[in-house]
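Trainee: got a sequence here, can you model it:
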Amino acid sequence: MQKVILTLLSYCLIMGGLKAQRLVSDARIVYKIETPAQQGGDPAFEGGSLTQYMKGHLSRVDIDFKVVHYSYLINSKTETVVTLIDNNGDKYLIRANKEEYAKDLKEYATVQFKDGTATKQIAGYNCKQSIGKTADGKTFEVYYTPDLVPENRQYNRRFVNLKGIPLQFEIINKNGTKMQMVATKVDLYPIPGSYFDVPKSGYKEISKEELTKMGS
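Mentor: Presented below is the predicted three-dimensional model:
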């Protein structure tokens, strides 16, 4: 009898864990941007926001730095990325082809995540700490919820190897400083397909090289 009870208890615990985990196809996650001074963060970015949208094989990331706004339209089926930039009213569009998509995906696929012991609750979800390590040895901290698993692992290629959806994470800037994204809201509802449409007008299409020259 005792063995039967233990078996049923184990089954209930397993089923409970499976029930808690949700495969996410459509979502909107809003993050606030923090720039910790001890990590050399730029205070100019403080108060900005990042919004992640998902819909099947489509995803979109909006980053609002108050003065400059970036949008990344990612299509994992066609393996393309379109970047939209609104710099104080000057609007630019940049297309990345399959080769560039594959190159970036390969780079992020080398990032390895190792779970830590810390936990915290973010936006109503229990999250686990994980440390990401890039191929060149740089590390960044992530808190993810294993209760939400993305249907499309490439919705954000930065986290293709993560075992859940990150609700807090660090981004390493080119100068070595870090920005921290902390989720404030998680909405799980059907996202309109129009959110992922590439604008047909209003933006000047340029190349990455042209953008680099403009910033030099």
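Trainee: which residues does D64 bridge with?
Mentor: S49, H69 (DSSP bridges).
Trainee: adjust the sequence numbering to begin at 24 for everything that follows.
Mentor: Okay, using 24 as the starting number, the last item reads as D87.
Trainee: quick one: pLDDT of it?
Mentor: pLDDT, the model's per-residue confidence, is 96 for D87.
Trainee: next one: it from D109, what distance?
Mentor: Going from D87 to D109 by CB to CB, to the nearest Å gives 9 Å. Every residue, glycine included, has its C-beta placed from N, CA and C.
Trainee: repeat for V47
Mentor: 28 Å.
Trainee: likewise G225?
Mentor: To D109, G225 is 10 Å away according to CB to CB.
Trainee: and these two? Which one has more around it.
Mentor: D109 (16 against 9; other CB atoms under 10 Å).
Trainee: and that one, that one's in a strand?
Mentor: Yes. Counting by DSSP: H, G, I helix; E, B strand; the rest coil, D109 is found in a strand.
Trainee: quick one: residues contacting it.
Mentor: Residues counted as contacts of D109 (CB atoms under 8 Å, 6 or more residues apart in numbering) are V91, H92, Y93.
Trainee: go on, S94?
Mentor: Contacts of S94 by CB under 8 Å, 6+ apart are R83, V84, D85, I86, T106, L107.
Trainee: quick one: the helices in the protein?
Mentor: Assigned by DSSP state H, the helices in the chain fall at 25-43, 121-132, 231-238.
Trainee: by mean pLDDT, show me the worst of those helices.
Mentor: Least confident of these, judged by mean pLDDT, is helix 25-43 with a mean of 42.
Trainee: most neighbours among the contacts of S94, which one?
Mentor: That'd be R83 among the contacts of S94, by other CB under 10 Å, with 22 neighbours.
Trainee: not counting sequence-adjacent ones, nearest residue to that residue?
Mentor: Y76 (4.2 Å; CB to CB, 6 or more residues apart in numbering).
Trainee: and the pLDDT at the residue nearest the centre of the chain?
Mentor: Closest to where the C-alpha atoms of the chain average out (CA atoms, centre = their mean) is N179, at 4.7 Å. At N179, the predicted lDDT confidence score is 93.
Trainee: any idea which helix or strand in the chain has the lowest mean pLDDT?
Mentor: helix 25-43 (a mean of 42; mean pLDDT, DSSP states H and E).
Trainee: what about K143, distance to G199?
Mentor: 26 Å.
Trainee: same deal with Y93?
Mentor: 20 Å.
Trainee: between these two, which one's more packed in?
Mentor: Y93 (15 against 9).
Trainee: for T101, grab the count of nearby residues.
Mentor: T101, neighbours per other CB under 10 Å, totals 12.
Trainee: counting neighbours, what do you get for the closest residue in space to it that isn't next to it in sequence?
Mentor: Take T101 and drop its neighbours on the chain: the residue closest to it by CB to CB, 6+ apart is K121, 7.7 Å away. K121 sits with 11 neighbouring residues when counted by other CB under 10 Å.
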